[in-house]
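K.L.:
just coords:
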């Protein structure tokens, strides 16, 4: 159900890095942000081809999507699903599932829950700890990514 637009969006924001590096959490990562959290393992000195990294990303996004579908009980079109997979890949599934955006999506008492969810997504997880100061602050790159994901979420299927 993940659309090519979703995969392309993640690739655009994650950026391909062929050599293993330490991510913000101090774990080794490689490719399009794949970390040592799930298979395949990433070790110091690893070098991945773009083709291999794309295959790993696709598998990671399928895993993320399956985990999302266990918790989201409203219908989603492919664009909505792809946007949510992108966000969950970046922030973690549990954080997104427990967010105000997903609460709004499931709220049967409000009008326009999909649109309200999309607006809430724009502000979801746009702060991070600054590497230099250690202080949490808004990051323009995260905000722009959420705006892009929110726009994809609002794309209608004709």
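P.N.:
Great, that's in hand. On a predicted model such as this, the values are computed, not experimentally measured, just so you know.
K.L.:
which SSE is residue 101 in?
P.N.:
Applying DSSP states H and E as the criterion places residue 101 in helix 100-106.
K.L.:
which strands and helices sit next to the helix ranked longest in the chain?
P.N.:
Secondary structure of the chain per DSSP state H: the longest helix is helix 50-69. Here helix 50-69 touches helix 4-14, strand 28-31, strand 34-35, helix 78-91, helix 93-97, going by 3 or more C-beta pairs under 8 Å, 6 or more residues apart in numbering; DSSP states H and E. Every residue, glycine included, has its C-beta placed from N, CA and C.
K.L.:
for those, give me JSON lines that also has distance to residue 129.
P.N.:
As requested, the helices and strands packed on helix 50-69 are arranged in JSON lines below (distance: least, C-beta to C-beta, whole Å):
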{"stretch": "helix 4-14", "distance to residue 129": "19"}
{"stretch": "strand 28-31", "distance to residue 129": "17"}
{"stretch": "strand 34-35", "distance to residue 129": "17"}
{"stretch": "helix 78-91", "distance to residue 129": "14"}
{"stretch": "helix 93-97", "distance to residue 129": "15"}
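K.L.:
related to what we said a few turns ago, between the longest helix of the chain and helix 4-14, how many degrees?
P.N.:
Angle of helix 50-69 versus helix 4-14, following axes from the mean of the first three to the mean of the last three C-alpha atoms, to 10 degrees, is 110 degrees.
K.L.:
how about low-confidence regions in this protein?
P.N.:
For the chain, residues meeting the criterion pLDDT under 70 lie at 36-37, 157-158.
K.L.:
was I right to think residue 25 contacts residue 35?
P.N.:
Yes - applying C-beta atoms under 8 Å as the test, residue 25 and residue 35 come out as touching, 7.4 Å apart.
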